[in-house]
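1. kindly return the folded structure for what I paste below:
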Amino acid sequence: MSLVEPVTVTKRSIEQLTPVIGAERLARLAQAADQFRRELGDRAVWNVSSTAAGGGVAEMLQVLLGYVEDAGITSRWMVITGDAEFFVITKRIHNQIHGEFAGGPLAADDVRHYEQILAANAAELLELIRPGDLVLLHDPQTAGLTESLREAGARVAWRCHIGLDWENEATTAAWNMLRPYLTHASGFVFSRREYVPAWIPDERVAIIPPSIDPFSPKNQYLDEYTVRGILAKIGVLDGSTPSEPVTYLGRDGAPGSVTRSAEVTADGLPGPDDPLVVQVSRWDQLKDMPGVMHGFADYVAPAGRGFLLLVGPAVAGVSDDPEGAAVFADCLLQWRQLPPAVRAKVLLVTLPLDDADENGAMVNALQRHARVIAQKSLAEGFGLTVAEGMWKGRPVVGSAVGGIIDQIPPGAGVLLPDPRDLRSFGMSVRELLDDPAGATRMGAAAHAYIGQHYVGDVHLLRYERLFSSMIQEAG
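-> The predicted model follows:
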């Protein structure tokens, strides 16, 4: 049995972006791809992560590497394997980078276990990766691979998708633990300048925010009939399930249909015309699903119509997040303690991960049917669900933390200065529910902003500059 497994991606036509980005931006991307392909020669570009499903990193790689394949650039994506203890350790590092210090610093035994798991994965990677190849490692789970790959002749960059705008005891502990593994990396990629530790030289840093694919199942246009059909099928909308399958366009260009149901915890279901407030995220303590629930219960539900849907992945389906089941269980416990009249307006929804395209279509329908999208994170590396919701023309009420700050300009959503202020959150949501015309104007501005700043061509051009500089440095 192999520890390291390849991930297959579906080729995505770059030209399909033309209606979104225009001919000039498309030509710029094609020219850069041609130049980079010549610079790369017989080398390959490798991405190494800890999961192929669940969460924004895996979804984004599926999209971007599909475009890379269409451009004729040799790239591979590998997923490492770890045991439960390894992922508990790396989740603690993840939380520390976000400033949460539960459990304190890692013990020496934790560090040894982290190194042992990655040494075993590195041995298999070194059978595949050749000297001169470019390797992009993703997040704390892979940081310990850097030196072994570099010593074998690869050019290694490390991509950190998470961060915090300030330093505290927790972030210091995390970076002290990771620094020895990363010191000699050729490049570092962060989503925001504020996330870069002081010990990393500026000349080796690239700031590359993530992006959406407007044609993926999660973001493509769905008409109202399809949206309502999907929501009825997964079990979150009152009404009969359509007799004919509701379809979407898969990543391979072929029609797909939603056949699976969600796991829905609810005392009642919204009707087709009931306004929805939706937060879609992992079951992660930093996403503050319980806070969203209580903000809605205390300040939104008593004052008018509206339902809240807290939506996350099936808790057994995200291999690198052992915390998910515990967070979902806590949400369930707190949901049961709500007053019955309020509880009837709150749904806990877990979506199956068996088929990534089907899962994306489910999220798409949920966001398109929402009147308001929430992302009340306590900390956030970037929060791509914000851009995804804004792309669908929906106003987002989000915390002024991390990359959410960058995504919501004035007039295109609401930024909450204090994510723990439940009253401010609830009143902002209530105001948008009570002003449909204002919410529509805000949503239109949101859609335009994401199309200009957070589509894949911008993302790929930034990576092209990073990889080109790594090739030139190698000589």
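2. now do the helices in the stretch 1-150 of the chain.
-> Using DSSP state H, counting those that start in this stretch, the helices assigned to the stretch 1-150 of the chain run over residues 18-40, 56-70, 84-97, 108-125, 146-151.
3. after the helix or strand that contains residue 428, which helix or strand is next? Please name it.
-> Using DSSP states H and E, residue 428 falls within helix 422-434. Using DSSP H and E, the next helix or strand after helix 422-434 towards the C-terminus is helix 436-453.
4. can you list contacts of the helix or strand following that following helix?
-> Counting by DSSP H and E, the next helix or strand C-terminal to helix 436-453 is helix 456-474. Residues from elsewhere that reach helix 456-474 (Cβ atoms under 8 Å, 6 or more residues apart in numbering): 14, 17, 21, 25-26, 28-29, 32-33, 35-36, 39-40, 43, 45, 63-64, 67-68, 132, 134, 155, 157, 186-187, 189, 206-213. The way it works is simple: take the backbone N, C-alpha and C, and place the C-beta from them, glycine included.
5. who touches the residue nearest the centre of the chain in this structure?
-> Closest to where the C-alpha atoms of the chain average out (Cα atoms, centre = their mean) is residue 56, at 2.0 Å. Applying Cβ under 8 Å, 6+ apart to residue 56 gives the contacts 161, 210, 382, 384-385.
6. what does residue 15 give?
-> Residues counted as contacts of residue 15 (Cβ under 8 Å, 6+ apart) are residue 26.
7. pLDDT of the helix holding residue 428, averaged?
-> Helix 422-434 comes out with an average pLDDT of 98.
8. next, find the distance separating the nearest residue to residue 239 once chain neighbours are set aside from residue 445.
-> Among residues not flanking residue 239 along the chain, residue 232 sits closest, at 5.3 Å (Cβ to Cβ, 6 or more residues apart in numbering). According to Cβ to Cβ, to the nearest Å, residue 232 and residue 445 sit 31 Å apart.
9. and for residue 5?
-> 42 Å.
10. looking at the two, which one has more neighbours?
-> residue 445 (18 against 13; other Cβ atoms under 10 Å).
11. about what we covered before: of the helices of the stretch 1-150 of the chain, which shows the lowest average pLDDT?
-> helix 56-70 - the lowest mean pLDDT of the helices of the stretch 1-150 of the chain, at a mean of 89.
12. and this protein, what are its domains?
-> 5-211+455-474, 224-453 (automatic domain parsing).
13. deepest-packed of the ones you listed, please.
-> Burial of the domains of the chain is given as mean neighbour count (mean count of other Cβ atoms under 10 Å); domain 224-453 ranks first at a mean of 20.
14. quick one: that domain to chain centroid distance?
-> Centre-to-centre, domain 224-453 and its host chain are 14 Å apart (Cα atoms, centre = their mean, to the nearest Å).
15. so what's residue 157 bridging to?
-> Beta-bridge partners recorded for residue 157 (DSSP bridges): residue 136, residue 187.
16. state the distance from it to residue 210.
-> The value you get for residue 157 to residue 210, if Cβ to Cβ is used, is 16 Å.
17. still on that earlier bit, closest to residue 181 among the contacts of residue 56?
-> residue 161 (16.8 Å; Cβ to Cβ).
18. what sits against the closest one?
-> Contacts of residue 161 (Cβ under 8 Å, 6+ apart): 56-57, 138-139, 191, 210, 381-382.
19. hmm, back to that, roughly how far does the residue nearest to residue 239 sit from residue 241?
-> 5 Å.
20. now residue 128. Its backbone dihedrals?
-> Note on residue 128: backbone dihedrals following degrees, to the nearest 10 are phi -110, psi -40.
21. could you do residue 344 as well?
-> According to degrees, to the nearest 10, residue 344 has phi -70, psi -10.
22. from residue 78, how far off is it?
-> 46 Å.
23. I'd like to know how far the residue nearest to the centre of the chain sits from residue 345.
-> 28 Å.
24. against residue 156, how distant is the nearest residue to residue 207 once chain neighbours are set aside?
-> Take residue 207 and drop its neighbours on the chain: the residue closest to it by Cβ to Cβ, 6+ apart is residue 193, 5.5 Å away. Using Cβ to Cβ, we find residue 193 at a distance of 22 Å from residue 156.
25. flag the shaky bits of the chain, pLDDT-wise.
-> Residues of the chain meeting the criterion pLDDT under 70: 54, 243, 317-322, 474-475.
26. part of a helix, is residue 405?
-> Yes - assessed by DSSP: H, G, I helix; E, B strand; the rest coil, residue 405 belongs to a helix.
27. wait, it touches residue 416, no?
-> No - here residue 405 lies out of contact with residue 416, judged by Cβ atoms under 8 Å, at a distance of 10.7 Å.
28. which stretches of the stretch 151-300 of the chain form helices?
-> Going by DSSP H, counting those that start in this stretch, the stretch 151-300 of the chain shows helices at 169-182, 224-234, 289-299.
29. just put those in JSON lines and tack on distance to residue 100.
-> As requested, the helices of the stretch 151-300 of the chain are exported to JSON lines (distance: least, Cβ to Cβ, whole Å):
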{"stretch": "helix 169-182", "distance to residue 100": "6"}
{"stretch": "helix 224-234", "distance to residue 100": "32"}
{"stretch": "helix 289-299", "distance to residue 100": "15"}
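30. with that, I have no additional questions.
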